[in-house]
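Enquirer: Provide a 3D model corresponding to the input given below.
(chains A and B)
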Amino acid sequence: KAGVTQTPRYLIKTRGQQVTLSCSPISGHRSVSWYQQTPGQGLQFLFEYFSETQRNKGNFPGRFSGRQFSNSRSEMNVSTLELGDSALYLCASSLGRTGTYEQYFGPGTRLTVT
Amino acid sequence: QQQVKQSPQSLIVQKGGISIINCAYENTAFDYFPWYQQFPGKGPALLIAIRPDVSEKKEGRFTISFNKSAKQFSLHIMDSQPGDSATYFCAASKDSWGKLQFGAGTQVVVTP
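Expert: Below you'll find the predicted structure:
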């Protein structure tokens, strides 16, 4: 079974631009979560989607948004990019069934803001 | 406020030795405690996880010890190998399937 895939793998953007990252979960997984990883702040939760609905949100500004499609694929968008948004953005998928907690991460998208 | 505190920040162990990483949490509502292994340029990989109704779980060379009263849990890597050199993260979550709260990570180096 294929793992979590994320596209693109690398991205360079300029301050003020916006960016969209994509995540395809493991087949059969209905929950998708997004995390930001930086050397200074570590791994921080952004938001989680299940059945096209955002169920949880972390402490990030409104410039960070996401959505999930009916096939469970998810996208996250960052508008008005700032230098501090440079990070590895990770997507994780899980079955979404009660009692199943395991989350499996993709390889991430490395975003560099210049 | 960091809800999961992880130590040490880094660890050097000889091949064949035992690596021990500790984590402490504050929120007693947490009910799932996974450990992840991350190699440079890769996403974190789920290594082993435990629920609070058991005190220990072993999978191969990896063991989680869980102390509910002390709100602490630890990862033991037995017979450490150079291929185990990676960054290890503990995490915790409650209720939902997302929103893992991660520790700061421990960089483990296993010397030949």
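
Enquirer: so what's the residue count around residue 110?
Expert: All of this refers to chain A. Residue A:110 sits with 16 neighbouring residues when counted by other Cβ atoms under 10 Å in any protein chain shown. For the C-beta atoms, the positions are set from N, CA and C on the backbone; glycine is no exception.

Enquirer: my question was about chain B
Expert: 20.

Enquirer: hey, what's it bridged with?
Expert: Bridge pairing for residue B:110 (DSSP bridges) gives the partners residue B:13.

Enquirer: so what's it up against?
Expert: B:12-15, B:17, B:19, B:80-85 (Cβ atoms under 8 Å, 6 or more residues apart in numbering or on different chains).

Enquirer: please name the nearest non-neighbouring residue to the residue in chain B that chain A sits nearest to.
Expert: Nearest residue of chain B to chain A, counting by Cβ to the nearest Cβ: residue B:98, 2.9 Å away. Closest residue to residue B:98 apart from its sequence neighbours, by Cβ to Cβ, 6 or more residues apart in numbering or on different chains: residue A:48 at 2.9 Å.

Enquirer: restricting to C-alpha, output the helix or strand hosting the one you found in CSV.
Expert: Element membership of residue A:48, judged by DSSP states H and E, is strand A:42-50. Taking C-alpha atoms only, strand A:42-50 is exported to CSV below (Å, rounded to 0.1, in the frame of the first residue of the first chain):
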residue,chain,number,x,y,z
GLY,A,42,9.9,21.8,16.6
LEU,A,43,6.8,20.0,15.4
GLN,A,44,3.6,22.0,15.7
PHE,A,45,0.1,21.0,14.9
LEU,A,46,-1.7,23.2,12.3
PHE,A,47,-5.0,21.5,11.7
GLU,A,48,-6.8,18.3,11.2
TYR,A,49,-9.5,17.3,8.7
PHE,A,50,-11.9,14.4,8.7
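
Enquirer: ok, residues contacting that strand?
Expert: In contact with strand A:42-50 (Cβ under 8 Å, 6+ apart) are residues A:30-38, A:54-60, A:64, A:66-68, A:74, A:76, A:89-90, A:96, B:44, B:89, B:91, B:96-105.
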